[in-house]
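J.: Structure, please.
(2 chains)
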Amino acid sequence: MTEPVAGARKVVLPPHRVRAQRPLGTRAREWTRENLFPSPAQAVVTLLALAFATAIVALAVYLVLAAEWRVITVNRWLLFAGGFPQDQEWRLWVSVALVFPLIGAAFGLWASLGRRDLLFMALAAGFLFFLARHGDAGWASTVWVAGSLALFFAGYLVCRLVPREPGRARSIATWTAGGALALALPAVLAVLMAAGGARTNEFSGFMMNLILAPVGIAGGLLLAIPLAVGRASSLRAVSWTCTAYIELIRGAPLIGWLFVALFILEDVIAGDLIVRTMVVLAVFTSAYIAEYIRGGLQALPHGQTEAAQAVGLGRTRTLQLVVLPQALRISIPPIVGQAISLWKDTALISAILPLRELVGNSKAAIAQPEFIENRIEVYVFAAVLFWIVAFVMSRVSQRMERSLGIGER
Amino acid sequence: MGNEAASAAAPEIIVTEGVEKWFGDFQALDDVTMSVKEHEIVVVLGPSGSGKSTFIRCLNRLEEHDAGRIVIDGIELNDDVRNLNAIRSEVGMVFQQFNLFPHLSVLNNITLGPRKVRRQPKREAEEQAMQLLERVGIPEQAEKFPAQLSGGQQQRVAIARSLAMQPKIMLFDEPTSALDPEMIKEVLDVMQELAESGMTMVVVTHEMGFARGVADRVMFFDEGALVEQGTPNHFFDNPREERTKLFLSQIL
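T.: The predicted model follows:
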C-alpha cells in the first residue's frame, strides 16, 4: 500500500453507482453530451461525421436496392478490353495463365496462403469466370481461367516444397522465381502482340491500366537507380544533370507530361501514342523513385562503405554489392507508395489522351442510350476495380517489409 | 611480447614520415613519423580527439593524408588507384562499430572479399570462411545474419572477414569500445591469439590490460602528435613526457 502523501486532498471518486441507478434516458443524454457535443468545435466535427456517414449509407442503399447492374454485365468485356480484336482474345487468357503460376510461386516462396488470401483468390477467380463468359464467347476462355487457377496452386505447392532456410535449393528457387517475375512483363507484351497479335492501338479498358502501370513502375525503377546514384556523385556535371532532371520532372503535374506525350514527343519518338505514354509514365515515375532511393542511400551508415573499401572492393562493386542492396531495401515502402499512386494516375490517361483505359471505356458504356441513367453503377464498378488492385499492392508491400525485415536488419 | 626477438631483425612493413592531416582549419595529425616492423604488435593510446583513429585510418587510406609519406610493405600510398587496391587487400581493418554487411549472412560477409576481389571459387572461399569461423570460435553462426548475433560475436565475424583477405597487417580501431563489458574478453582473446600467430597489428584501444600484456610497443598520441613510444614496461612504469604522465594518471 502506498502511504497517503502528507497534505494531499482526498480524491472523491465519481459516484458511479449512483449514476448507474438513474433512468436510461438521462444517462443517454449525458453520454451524448459528454462524448459527441462537449464543445462547439467538437459539435461541428460530430455533425460533419454524421453527414458523411449519411451519404455513405445512402450510396450503399442505392447500390444494393436501386442500382441496375445490367450495365456492367452487358458491358463487362468492353470495360475490360473493349477494342481488343475478338479472334485474338486467347492472347489475353494466355497472359493470365502466364502470370498466375508466378504469383502462386511468389506466395509459396516468400509467404503462405492464409484464409484471407484464399478468399481474395476466390473473388478474383469469380470475376475472371464472369469475364470469360461475356457476350458470345465460347467455353475456351473459361477453360483458360480454370487452367490459370490450377497453375496458380501448382506454382504455390511446388514452391512450398522449397525449404525456408537459406541454402542451395532455396537460392536456386528464389533466383529462378525472381528472374521469371522480372521477365513476366515483357513476356506478357510479347504474348499480346507478337506474330500477328494485337496492335498497341487496340489495347483498351482495364487491361490497358494493367499494362501501363507496371511498365511505368518497372521502367521508372530502372531509370531511377542511375539517377539516384548520379545525384549523389561527386562529379558536379553528373550530379547537376541528375538533379535538374529530377526537379524538372517533379515540378510539373502528370497531366502536363501527358500533354507532352501527345504533342511534343511525337517528333522525337515516332510510333504510336501508347508507347509515348509508356515513356512518359516511366520518366515521370523515375524522378520520384530516384528521390526515395537517394533517401535510402543517405540513410546508410558511412561505415558500410568504409568496410567494403577496407575489404578491397572498388567503388562500383561497393555500390553494387553493399550499398544499393541495402538502400533499395530501405526504400521499398515509399517506392510501393509511388507505384500505387501511378496505378491510380493511369485513370487520368483517357481524360487527356485519345486512349481508352478503364475510365474511357466506362464513358463509352454510359454513352449508350440504353445505359445513360447508369453512370453511378459504372463509375462505382471502375472505382472498386482500382481500389482492389491498389489494396493488393499495399498488402504485398507490407508482407515484403515483414519478410525482408525492414527496420530490423 | 613473444615476438620481440624476431621483430628486432624483421623488416619495417609500415613507415610514415612527417604525416599531416587537416580537417578544415583543425590539424588532426601533426608531423607523425614512425615505423612498424613485421610481426610487431603496436598499441596506440591517447585521449579522445588525439588523432589516433585518424592516424590508423590513414594507413589504409580511409582518410587521405595532406602531407608526408606513408609506405606500406614497400608501396607508397598516393592517388594511384592501383596502389590503393593493392594495399587495401593487404591491410585488414576492424572497426569500432563492426560494420558487418547486414543484408548478407555471416558466411557471405566473410566470402564477399575473397570471391569478388581475389576471384576465389565459391567453395574454396566458403571452406576458408568456415576455418576462420572456427578460429574465432563461432562456426555454428555461419548461416545467421549479423543482427542475430551479440556484439562480441559480430566483432569476431568482422575479424574473420578481414582475415579472409589474408592480410599482412591488421588495423584495429577501438575494437572493443562498442561492446558490453562481458563481451570484451572474447574479442580480446581472439586478438591475442592473432598476435601470437605472428600477425603485424596496429591497435587503437583503451584496454590497458591488452596493451601491457600483448603489445611489443606502445605509442602515445596527443593533439595529433606522436608524443612518446616505448615498450609497455617503459611506457606504463617510467614515462618521460609530462603529457603521458597526466594521461596515465587519469586512466589508471
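J.: and chain A, which residues reach chain B?
T.: Contact residues, chain A versus chain B (C-beta under 8 Å from any C-beta of the partner chain): A:165-166, A:301, A:303-304, A:306-314, A:317, A:321-322, A:325-326, A:329, A:405, A:408-409. Heads up, the C-betas are built off the backbone N, CA and C, glycines and all.
J.: B:Cys126: what's it in contact with?
T.: Rather than Cys, residue B:126 is Glu. Residues near B:Glu126 by C-beta atoms under 8 Å, 6 or more residues apart in numbering or on different chains: B:Leu107, B:Thr111.
J.: mind listing what's buried in the helix or strand hosting it?
T.: Assigning secondary structure by DSSP states H and E places B:Glu126 in helix B:122-136. For helix B:122-136, the neighbour count (16 or more other C-beta atoms under 10 Å in any protein chain shown) marks B:Ala125, B:Glu126, B:Gln128, B:Ala129, B:Met130, B:Leu132, B:Leu133, B:Arg135, B:Val136 as buried.
J.: Name the SS class of residue 28, please.
T.: Chain wasn't specified; assuming chain A. Here A:Ala28 is recorded as helix under DSSP: H, G, I helix; E, B strand; the rest coil.
J.: My question was about chain B, not that one.
T.: strand.
J.: Pull up the gap between it and B:Val202, please.
T.: 17 Å (C-beta to C-beta, to the nearest Å).
J.: quick one: the helices in the stretch 1-150 of chain A?
T.: Using DSSP state H, counting those that start in this stretch, the helices of the stretch 1-150 of chain A run over A:16-20, A:24-36, A:40-61, A:70-81, A:89-110, A:115-132, A:140-160.
J.: rewinding a little: ok now the helix holding B:Glu126, how far from the chain's centre?
T.: Put simply, helix B:122-136 sits 21 Å off its chain's centre (C-alpha atoms, centre = their mean, to the nearest Å).
J.: okay, now B:Met108: neighbour count?
T.: Actually, residue B:108 is Asn. It isn't Met. B:Asn108 is flanked by 19 other residues according to other C-beta atoms under 10 Å in any protein chain shown.
J.: before we move on, what about the one 10 residues further on?
T.: When neighbours are defined as other C-beta under 10 Å, B:Arg118 has 14 of them.
J.: in the helix ranked longest in chain A, what's buried?
T.: Ranked by residue count, the top helix of chain A under DSSP state H comes out as helix A:375-404. Neighbour-count burial for helix A:375-404, counted by 16+ other C-beta under 10 Å, picks out A:376-378, A:380-382, A:385-386, A:389, A:393, A:396-397, A:400-401.
J.: Wait, B:Lys116 touches A:Arg317, no?
T.: Yes - when contacts are counted by C-beta atoms under 8 Å, B:Lys116 is listed as touching A:Arg317 (5.7 Å).
J.: mind pulling up the phi and psi values for A:Glu370?
T.: Dihedral pair for A:Glu370: phi -60, psi -30, per degrees, to the nearest 10.
J.: Could you do A:Asp345 as well?
T.: Per-residue torsions, A:Asp345: phi -70, psi -20 (degrees, to the nearest 10).
J.: Just give the number of residues close to the residue nearest to it when sequence neighbours are not counted.
T.: Residue nearest to A:Asp345 in three dimensions, not counting chain neighbours: A:Leu254, with 5.4 Å by C-beta to C-beta, 6 or more residues apart in numbering or on different chains. Neighbour count of A:Leu254, defined by other C-beta under 10 Å: 19.
J.: Same question for A:Leu324.
T.: When neighbours are counted by other C-beta under 10 Å, A:Leu324 registers 18.
J.: My guess is it contacts A:Ile225. True?
T.: Yes - using C-beta under 8 Å, A:Leu324 is in contact with A:Ile225, at 7.0 Å.
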